[in-house]
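Q: Build the 3D model from these lines:
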Amino acid sequence: MLNSFDYGWLNWGSLVLGSIAWIIPIFNIMRHKKIGNSNSLMILFSMGACAIALWFQISYNNYLVEINDLSAIMDTIGTLNWVTAVLLVVTITLNIISIASNRNVLSN
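A: Coordinates of the predicted model:
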């Protein structure tokens, strides 16, 4: 009987959403020469994807706590801490660059 959720998909979902969080502002930066493009909605999507990716990781760690898999937590928490910091810093930085590049186009 297949009634349990496969929690491993939370890791893949986190990876996909983290990638989306970076791709959206990169796309906005690359198309910054088009006048009149408002990127506020895209920034919201990017930060939302980042937030959901982080929530997926927290949910996965909660699952590991629930099943008492302390060795898995101890093996992954250091890397998870580093990777989440990189995800946040890069997402915020790319969105700031996107805002700055589009602000220069709109002011001209």
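
Q: Which secondary structure element is home to the residue nearest the centre of the chain?
A: The chain has Cys50 as the residue nearest its centroid, 2.4 Å off, counting by Cα atoms, centre = their mean. Under the criterion of DSSP states H and E, Cys50 resides in helix 40-66.

Q: And that helix, what does it pack against?
A: helix 8-30, helix 70-107 (3 or more Cβ pairs under 8 Å, 6 or more residues apart in numbering; DSSP states H and E). C-beta: built from backbone N, CA, C; applies to glycine.

Q: Reformat the ones you listed as JSON lines; add mean pLDDT.
A: Output for the helices and strands packed on helix 40-66, formatted as JSON lines (pLDDT from 0 to 100):
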{"stretch": "helix 8-30", "mean pLDDT": "93"}
{"stretch": "helix 70-107", "mean pLDDT": "89"}
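
Q: hey, which of those is tucked in deepest?
A: helix 8-30 (a mean of 17; mean count of other Cβ atoms under 10 Å).

Q: on that earlier part again, the helices and strands packed on helix 40-66 into CSV, with extra columns for distance to Ile58?
A: Below are the helices and strands packed on helix 40-66 laid out as CSV (distance: least, Cβ to Cβ, whole Å):
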stretch, distance to Ile58
helix 8-30, 9
helix 70-107, 9
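
Q: Go through these and name the closest to Trp55.
A: Taking Cβ to Cβ, helix 8-30 is the member of the helices and strands packed on helix 40-66 nearest to Trp55, at 8.5 Å.
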